[in-house]
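**Q** Return a 3D structure for these sequence lines:
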Amino acid sequence: MSHTFHVDIADFVEIREIAGDWTADDFRALLDAMDFGDHAGMGDDELREMCLMSLQDLDAGEAAYLVLRHVIGDALRDGQLRNMASEMREEKLWEEYVDPAFHERLFRVGSLLYAARPQAYPKTDAVRVTLDVRCSDPGGQALFAATPDEAFLVRLLADGMDGRAILHRFYGDQLKAATFPAAPGIVWTSRVTPAGTGAWTVEVIGSHYWLGPLDDTKSFESNAA
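**A** So this is what the prediction gives:
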């Protein structure tokens with residue numbers, strides 16, 4: 001059954017780093033990997049600053065390798081990490097890596113490297129989009145009873161884009177299919193807050209590569225499911 005959602009885009013902001021992506025424990029682990037020495041007693045801000053300074057002291061490729069190993073070393077071989085470390089100096093792997101399941105974590109890597117040495121790595125450019133969504137149909141409202149899955153949210157967002165947008169060109173078939181396995185690589189994080197009967201505020205973070213076309217959209221109707 002089709003449901004109709006009215007969507008207003010309340011905010012569209014480009015971000016360099018996702019809040020909470022990097023913690024004090026991450027900085028401690030990276031400092032240990034760089035043989036920094038004693039960092040006991042440092043506060044969170046000082047740990048971050050020392051980590052950024054230590055990354056600046058390394059060759060750009062080696063710095064990328066260490067951060068990659070910390071973030072995705074459990075999922076890829078060492079040779080793959082070395083290759084990616086070289087590529088990260090020129091390429092936005094959070095957009096271009098062949099497996100979108102890694103895109104969010106590669107953005108996390110890129111955000112710290114760019115903070116440390118913006119002249120050596122591509123500028124990170126994720127997007128935080130805030131939507132005001134309304135639906136009077138009980139069936140449509142039921143889709144927001146729990147946090148909607150990524151496939152539904154991608155379909156909802158895609159309806160606010162021109163048919164020539166890269167999301168439609170790359171994933172046109174999945175947008176229409178019953179399953180959408182690539183969706184978690186497009187919607188990295190989401191938060192839904194009730195805003196009254198049949199109304200919600202939806203915050204989505206993802207790559208500018210996919211969500212950028214929404215910057216030109218003010219409102220739209222969607223029949224996503």
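**Q** residue boundaries of the helices in the chain?
**A** With DSSP state H as the criterion, the chain has helices at 24-33, 44-56, 60-72, 78-87, 93-96, 103-116, 138-142, 150-158, 166-176, 208-211.
**Q** Lowest average pLDDT across those?
**A** Of all the helices of the chain, mean pLDDT reaches its minimum on helix 138-142 (a mean of 89).
**Q** Now it: buried residues?
**A** Across helix 138-142, burial judged by 16 or more other Cβ atoms under 10 Å covers 140-141. No exception for glycine: its C-beta is placed from N, CA and C like everyone else's.
**Q** List the contacts of it.
**A** For helix 138-142, the external contacting residues (Cβ atoms under 8 Å, 6 or more residues apart in numbering) are 1, 3-5, 135, 198.
**Q** Filter those down to the buried ones, PyMOL style.
**A** Per 16+ other Cβ under 10 Å, the buried members of those correspond to this PyMOL selection:
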select buried, resi 3+5+135+198
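**Q** who touches the residue nearest to residue 127 when sequence neighbours are not counted in this structure?
**A** Once flanking residues are discounted, residue 127 sits nearest to residue 211: 4.5 Å by Cβ to Cβ, 6 or more residues apart in numbering. By Cβ under 8 Å, 6+ apart, the contact list for residue 211 reads 127, 129, 157, 186, 204.
**Q** what do you get for residue 149?
**A** Residue 149 sits next to residue 183 when contact means Cβ under 8 Å, 6+ apart.
**Q** Phi, psi for it please.
**A** phi -80, psi 170 (degrees, to the nearest 10).
**Q** Relative to residue 78, how far out is it?
**A** 34 Å (Cβ to Cβ, to the nearest Å).
**Q** Same check on residue 93?
**A** Note on residue 93: its distance to residue 78, by Cβ to Cβ, is 17 Å.
**Q** between the two, which one's more packed in?
**A** Counted by other Cβ atoms under 10 Å, residue 93 and residue 78 do not tie: residue 93 has more neighbours, with 21 against 10.
**Q** domain assignment for the protein?
**A** Per the record, the chain has its domains at 5-16+125-222, 24-116, by automatic domain parsing.
**Q** which strand is the longest one in this structure?
**A** If you go by DSSP state E, the chain has its longest strand at strand 5-15.
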